[in-house]
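*Asks:* Generate a structure from the sequence data that follows.
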Amino acid sequence: MTRFLVAVLLFVSMAGPGPLHARATFNDLARFVAGQPLSPGSPLRRIEALPSVRKHTADTSALTKTWHERRLNTLRDWAKAEVERAAALFSEVQRTVDSKQLKPMIRTQYMRTAFQVGTRSCCTALPL
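*Replies:* Numbering: from 1, shown residues only. Model prediction:
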């Protein structure tokens, strides 16, 4: 199956300036490799009926379904839980600010820094 796909991709990419090469786009190639439906008028539609291409499409669909079930749904559940936790934290912080009647304040602290390069001719200091 992999050899077949590589052969088709090489054929399409190395073909001279003919009708197949002129109309095949990278999007067509990517959709073909991913097992997704091809765009209308794609030159790759001519090989879509081959048994190996149909098998590749079916295998890719099965892998996509498995990935959705095992990985994507897990990620969605995790993201939902994280959003709920963030919302709960925001509510708790807001209640604390309201109950203690806190006011926003910005505090900036600078540390004294000195830079010196090899000789005494170049020295910079940022005092407080």
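
*Asks:* got any ranges where the chain has weak pLDDT?
*Replies:* 1-23, 111-128 (pLDDT under 70).

*Asks:* mind listing the helices for it?
*Replies:* Remark: helices of the chain, listed N- to C-terminal, are 2-14, 19-23, 26-34, 51-67, 73-99; assignment by DSSP state H.

*Asks:* Ok, which of the ones you listed comes nearest G41?
*Replies:* Checking those against G41 by CB to CB gives helix 19-23 as the closest, at 7.0 Å. Just so you know, the C-beta spots here come from the backbone N, C-alpha and C atoms, and that holds for glycine as well.

*Asks:* Which of the helices of the chain sits closest to M105?
*Replies:* helix 73-99 (11.8 Å).

*Asks:* From one end of stretch 33-50 to the other, what's the distance?
*Replies:* One end of stretch 33-50 sits 14 Å from the other (CA to CA, to the nearest Å).

*Asks:* Show me which positions of it end up buried.
*Replies:* Judged by neighbour count using 16 or more other CB atoms under 10 Å, the buried positions of stretch 33-50 are G35, L38, S42, P43, L44.

*Asks:* how about a markdown table for those, with distance to A86 added?
*Replies:* Conversion of those to a markdown table gives the following (distance: CB to CB, whole Å):
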| residue | distance to A86 |
| --- | --- |
| G35 | 37 |
| L38 | 41 |
| S42 | 44 |
| P43 | 49 |
| L44 | 45 |
